[in-house]
Structures are given as C-alpha cells and as structure tokens.
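>>> pasting a predicted model and its sequence here:
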Amino acid sequence: PISSSISDEGHLTISGYDTVTLAAEYGTPLYVFSEEDIRGRCREFATEFHRNGHHTRIVFAGKALLNIAILKIIAEAGLGLDTVSGGELEIASAAEFPMEKVYLHGNNKSDSELELALEKGVGRIVIDNPGEMFRLNRLAEDRGAKPKILFRIRPGIDPHTHAKISTGNIDSKFGFSLNEAMVSVPQAMALKNVEIVGFHYHIGSQIFEIQPFLDAMTTTLEFISEMQKVHGFVTQELDAGGGFAVQYLSDQKPPDIGVYAEAILGHFDNECGRLKIVPPGLTIEPGRGLIARAAVALYTVGVIKEIPEIRNYVCVDGGMADNIRPSLYGAAYEPYLANRMNETPDKVYTVAGRYCESGDILATDIELPAVKSGDVIVVPVCGAYCLPMASNYNGSLKPAVVMVHKGQARLIRRREVMADLLRCDIN
Ligand code: LLP
C-alpha cells in the first residue's frame, strides 16, 4: 500500500501500524487495508481521468471487493459503483451507496434482480442481450418506471491477458455483437419504458498494453457514428469498462494510471473529431486498479517441509480458500516475511496453503530469509479478487479484515466462526 514502510525492528508497517502486531491482535489469515491507499487511488483516477476538461465518471467495479466500510469510502470520494447481481445491489444498499450512481451489469439477470434494480432506482442498467431489453421494458412498465440503459457490446478485441479474464472477444458470453446491436438500438429507441443512453464494453482485466483499449474505443466510436447516420441515434454515454493492470511482482511494469488516461482520453478526442460525432460522456470502471494495492494478506508459518534437491515448502494457515487466484489463473505473488523485512533473502521457498490439494500454492520458488515456524508471511497486492472469491473449502473460516488509518486499526469484517459454517445446513 501507499502508506507502507519498515520499522526499526524490521517489521512491515501500514499507515504506521505494525503488521506483526496486527497478526497477533486479530489472528491470521488476516487482510489489512490501508484507507490512505484507497483514498489516494480514488484521487489518482479522478485527477488523471479529468485532464483536458474531461468529466470522466469513475465507477468502482465492486466485484473486485465489496465491503460496507470500504464502499462508504468509495462513496465519499465521489465515485460510482458497478454491481453485477442482486446480492451486490443489497450490499451497496446496506452501505447507503447513492443508488443513482450504481450500475447493474450481468449476462443473465433474473426478473427479480431487474425488479430490485428498479425498486432501488439504480442509475444505469447495462443490457446484455435483446431478450433482457424487452423483459426490462415490461417490468419497468408494470412499475411505471423508465430506467436509463446502456447496451454492452462485444467489440471483438483481444486484450492479450489471461483467457479466463478476457471478455471483449467475439467468442464471449457477454454483450451484443455489433450486428445484433445495430438491430436492437432502433427497437430500444421505440420502447416506452427504457431510455437508451449509450454503450458499454469491457474487454478484460489486468491488461498491460494500451493498444487494445484504443482499438476497442475506435471500433465502438465508429459504431456510434454509424448509429447516428443510420438511426439518428445520438449516444450520450460511453462506458469503457475497467481492466487497468497493477504491479504484482517487482519485475512487472504496467503503465501508470496517468499513462492509460492520457492515451485513452487523447484517442477519444481524436476519434470523435475524425468521426465528427458529439463526444459522449465517458465512464470507466476500474476494480483492480483502485483496490488491489490497498491490501496485504498476512499468514502465519506452520510446517516447513524441505525435500532435498527438490523443493522447500513453507506451509501457511490460509491459501486457496482465501486467495484462489494462483490456482485459478496461475497468478504470481511475491511474499515477504513481515517480521524480518530487513534480512537478506538467501533461500528458495514455495509458499503452500493448508488445504487438501496439491494446487494450493500461493507462490512458487521465491526467495526469503531462512523461514522459521511462527514467522509472519505477508502477500502484497491482495485487495482485489481475493476476498470476494473466497470459499469455505475444507471447512475453513473466511478471514477477518482490518482497516488501518493514521496509526489506528479497526475491524471492518469479523472472522467467520464455526457457527457460520453450520448456518445453512438442515438436518
Ligand atoms: N467492468 C466490468 C463489466 C467487468 O466485468 C470488470 C471485471 C470490471 C469492470 C473491472 O475490471 P478490473 O478493472 O478489475 O480489471 N477474478 C479475476 C478478474 C475478473 C474480472 C471480471 N470483470 C482476477 O482475479 O484476475
């Protein structure tokens, strides 16, 4: 996080709070967020995407991390929120998030989710397919509502990221093809109970290259120009999704937010000029870029298993139940020893979790000082897509979450207890 440092004792601190003390106070596995980091990233996105007179709307992709205390900070920073289900809408509602700034996405929304969105009065419903558009119109008519909608389109761009997090390709379950949208836009214009205001695309996540963002924008703006010529449809809003990459490893160098912003906004201005269209209001939906770096995960080392000539395993008290990203995407992390940050790494270890699967590995062949049982392993950049994808695999309890700010720590999610595991079973 922005606010991390190393104490005289060689302990990692976040916002002035010793992470080793946090591990002792709250137990492990523990997720620790820095409020300063979250606020700083919100400011950074706003500053960079508001350059040259742009009023880009910044909408936090809540799927990366949803927690009531964190949503309050996001709302205070003036951002919007992207949700993808009735469940996420209910969490937003519990956080008293301003509903007019909430977007509802999803490729298979149920009637009850659409009704909930209408009841809560969400700002935008992002329509994924023609059937959904007609369903929403009917449901809105029943309530006398007229929601603003965007069409999600598939611009057919390969973002060169992991296949499981690529979404804008032609072969994707998300959104309208351009041909489908061409047919559906005039239909939407004729519907009485929806107001189509624009288009959305999201091409993928953890995208290091700038070019796919620009290509998707060109394809969409050309489509927007076509819509205007053929159907007289004036696009008011263009929601360009998220996907900005963050640095997980010391040898990675993703573009800074300012670099993405300059390229995307500059390209937007040029293309709108070239195509002679009135520039629609721009929206972006960062998830990882906003929250990933704000948190670390802390684990306690238990068993150390050295297999001569083969591998040294360090086993920690968490793993794939709280962070499935290495097993699911082959995602790489760079752990450190939070209690011995000043010592020189001189041994190679593989950090394994505690779950009954060989694939339950958090990091492979990384260098650490000679590890002892009881050491505290810290895994940086765990703020996005770890906790919301956590499970109760092997009867595990989801971790506690702490927020630190200005030398103070507060619990923002309690650790699950055994009763939580049994809550839903019926005998
Ligand atoms: N907007 C839409 C419509 C999305 O589907 C997503 C992410 C975002 C915005 C935010 O993307 P971001 O800025 O965070 O890249 N679980 C995977 C990532 C899945 C992303 C899904 N959609 C992972 O752990 O890498």
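Arrived safely, thanks for sending.
>>> which strand runs longest in this structure?
Looking across the chain with DSSP state E, the single longest strand is strand 295-307.
>>> for that strand, what is the distance to the chain centroid?
26 Å (Cα atoms, centre = their mean, to the nearest Å).
>>> report the buried residues of that strand.
By 16 or more other Cβ atoms under 10 Å, the buried positions in strand 295-307 come out as 295, 296, 297, 298, 299, 300, 301. Any C-beta I mention is one placed from the backbone N, CA and C, and that applies to glycine too.
>>> what of stretch 232-246?
Those would be 233, 235, 237, 238, 239, 240, 241, 242, 243, 244, 245, 246, for stretch 232-246 by 16+ other Cβ under 10 Å.
>>> does the ligand sit close to that stretch?
Yes: counting by Cβ under 6 Å from any ligand atom, the ligand is contacted by stretch 232-246 at 241, 242, 243, 244.
>>> tell me the SS of the first one?
Read that as residue 241. Of the three states, residue 241 takes coil under DSSP: H, G, I helix; E, B strand; the rest coil.
>>> per-residue pLDDT, it?
With respect to pLDDT, residue 241 has a value of 98.
>>> what is the nearest of the buried residues of stretch 232-246 to the ligand?
Set against the ligand, the nearest of those by Cβ to the nearest ligand atom is residue 242 (2.5 Å).
>>> residue 288 is in contact with the closest one, correct?
Yes: here residue 242 reaches residue 288: they are 7.1 Å apart, a contact under Cβ atoms under 8 Å.
>>> which neighbours do these two share?
Counting by Cβ atoms under 8 Å, 6 or more residues apart in numbering, the shared contacts of residue 242 and residue 288 are 61, 205.
>>> how far out from the middle of the chain is stretch 46-55?
The chain centre lies 21 Å from the centre of stretch 46-55; the measure is Cα atoms, centre = their mean.
>>> does the ligand sit close to that stretch?
No: judged by Cβ under 6 Å from any ligand atom, stretch 46-55 stays clear of the ligand, getting no closer than 13.1 Å.
>>> so which bits of this protein are right by the ligand?
The chain has residues 61, 63-64, 82, 105, 165, 167, 202, 205-206, 241-244, 285-289, 325, 329, 385 near the ligand, with proximity defined as Cβ under 6 Å from any ligand atom.
>>> cross the residues you listed against helices and list the overlap.
For the residues of the chain next to the ligand, membership in helices holds for 288, 289, 325, 329, with DSSP state H as the criterion.
>>> in these, find the pair that's most separated.
Maximum pairwise distance among those (Cβ to Cβ): 17.0 Å, between 289 and 329.
>>> higher neighbour count, the two?
Using other Cβ atoms under 10 Å as the criterion, residue 289 and residue 329 rank with residue 289 on top: 26 against 16.
>>> the more buried one and residue 244, how far apart?
Residue 289 sits 4 Å away from residue 244, going by Cβ to Cβ, to the nearest Å.
>>> what does residue 225 give?
Look at residue 225 and residue 244: by Cβ to Cβ, they are 26 Å apart.
>>> could you do residue 303 as well?
38 Å.
>>> ok, residue 192 touching residue 137?
Yes: with contact defined as Cβ under 8 Å, residue 192 reaches residue 137; the gap is 7.3 Å.
>>> now do the contacts for whichever residue of the stretch 251-400 of the chain sits closest to the ligand.
For the stretch 251-400 of the chain and the ligand, the shortest gap (Cβ to the nearest ligand atom) falls at residue 287, measuring 2.7 Å. Neighbour list for residue 287: 60, 61, 62, 63, 64, 65, 82, 205, 242, 384, 385 [criterion: Cβ under 8 Å, 6+ apart].
>>> cutoff 7 Å now
With contact set as Cβ atoms under 7 Å, 6 or more residues apart in numbering, residue 287 has these partners: 60, 61, 63, 64, 242, 384.
>>> for residue 186, see how far away the closest residue to residue 65 other than its chain neighbours is.
Of all residues not flanking residue 65 in the chain, residue 291 sits nearest, at 4.9 Å (Cβ to Cβ, 6 or more residues apart in numbering). Between residue 291 and residue 186 the distance is 39 Å, computed by Cβ to Cβ.
>>> which one of these two is surrounded by more residues?
residue 291 (27 against 14).
>>> the more buried one is in contact with residue 384, isn't it?
Yes: using Cβ atoms under 7 Å, residue 291 is in contact with residue 384, at 5.0 Å.
>>> got any residues that touch both of the two?
By Cβ under 7 Å, 6+ apart, the residues touching both residue 291 and residue 384 are 64, 65.
>>> rewinding a little: the more surrounded of residue 192 and residue 137?
residue 137 (21 against 9).
>>> report the contact partners of the residue nearest to residue 65.
Applying Cβ under 7 Å, 6+ apart, one finds that residue 291 lies in contact with 38, 64, 65, 383, 384.
>>> could those residues go into CSV alongside distance to residue 72, neighbour count and pLDDT?
Shown next, in CSV, are the contacts of residue 291 (distance: Cβ to Cβ, whole Å; neighbours: other Cβ atoms under 10 Å; pLDDT from 0 to 100):
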residue, distance to residue 72, neighbour count, pLDDT
38, 11, 26, 98
64, 16, 24, 98
65, 13, 28, 98
383, 16, 29, 98
384, 18, 26, 98
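>>> tell me the one of these nearest residue 127?
Set against residue 127, the nearest of the contacts of residue 291 by Cβ to Cβ is residue 64 (22.5 Å).
>>> and residue 112, that's in a helix?
Yes: per three-state DSSP, residue 112 lies within a helix segment.
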